[in-house]
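*Asks:* Got a sequence here, can you model it:
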Amino acid sequence: MKKPIIGVVSKNHTVKEFYNWSWQRISDSIRYSINKNGGIALGILPQTLRTSFNKEDEHEYFNLTNEEIVDILVLLNKCDGIILQGGISSHNYEEFIAKYCYENNIPLLGICAGQNNIIRALGGKTKKVENLDVHDRPDLIYAHECIITDKSSKFFSIVNEEKFSVNSVHSYQADIVPECLSVVAVSNDNQIEVVEAKDKTFYIGVKYHPELLVDKDEIQNNIFKSLIDICKNV
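*Replies:* All right, here's what the predicted structure looks like:
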């Protein structure tokens, strides 16, 4: 059986103090998690003449051009599944991809800011986290518990545990979740941790970073394994 191709959508990173040097970045932990579970990682870059990008994890109030859409679809159509990464900024091409995957039932995993882009793309809203002392903790391997609230969800069938520990590194969270998504897990303080579209093959957004735990935590590795197993049959 062929290895499925998992597109990882890049994020811009610009270093203002160093000549405004700009990169499109892909997390090596996500690339590793794909390879570990039998997939091929393919970078999905924005196809644009823009030289500057949004610096916050917020909605961008302008649309892609028709040419940008056509060009990015060339890349998306090479993929069996898509991952939207976490990061401190978000971009309009990420929201476009999130909506396109939803409308075309393309397996998609949104991680941290990737979850935010799913929510915004489908008509919801996000807001800044108030208790950063709990939810922006890059110093901790595990920061708090994740509690399943819907045992009928695909996510529960993947993790197969009602409670488990997760990391937490984010400053934005879900505020208004669109009707087409279900909240299936929350944190100890009732922050939304996992959403999914139940009528899709695999369309899940997690607030934490499972890619940082795949070698020490079978529950988190199973998220990538499940995505890639499903994509083998796409």
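
*Asks:* For residue 36, see how far away residue 214 is.
*Replies:* Using CB to CB, to the nearest Å, one gets 6 Å for the distance from residue 214 to residue 36. The C-beta positions use only the backbone N, C-alpha and C, and glycine is treated the same way.

*Asks:* Need the overlap of contacts for those two.
*Replies:* 221, 224 (CB atoms under 8 Å, 6 or more residues apart in numbering).

*Asks:* Between those two, tell me which one has more neighbours.
*Replies:* Under the criterion of other CB atoms under 10 Å, the comparison of residue 214 against residue 36 puts residue 214 first, with 22 against 15.

*Asks:* Assess the claim that the more buried one and residue 222 are in contact.
*Replies:* No - judged on CB atoms under 8 Å, residue 214 makes no contact with residue 222 at a distance of 9.2 Å.

*Asks:* Run through the bridge partners of the nearest residue to residue 35 once chain neighbours are set aside.
*Replies:* Counting by CB to CB, 6 or more residues apart in numbering, residue 41 is the residue found nearest to residue 35 once chain neighbours are left out, at 6.3 Å. With beta bridges defined as DSSP bridges, residue 41 has these partners: residue 6.

*Asks:* swap in residue 176?
*Replies:* Assigned bridge partners for residue 176, using DSSP bridges, are residue 125.

*Asks:* Hmm, it is touching residue 120, no?
*Replies:* No - using CB under 8 Å, residue 176 is not in contact with residue 120; the gap is 9.7 Å.

*Asks:* neighbour-wise, which of the two wins?
*Replies:* Neighbours were counted for residue 176 and for residue 120 using other CB under 10 Å; residue 120 has more, 25 against 12.

*Asks:* for that one, what are its contacts?
*Replies:* 59, 90, 95, 98, 126.

*Asks:* Would you check that the second one makes contact with residue 58?
*Replies:* Yes - judged on CB under 8 Å, residue 90 makes contact with residue 58 at a distance of 6.5 Å.

*Asks:* unless I'm mixing things up, residue 185 is touching residue 146, no?
*Replies:* Yes - A contact is recorded between residue 185 and residue 146 when judged using CB under 8 Å, the distance being 5.2 Å.
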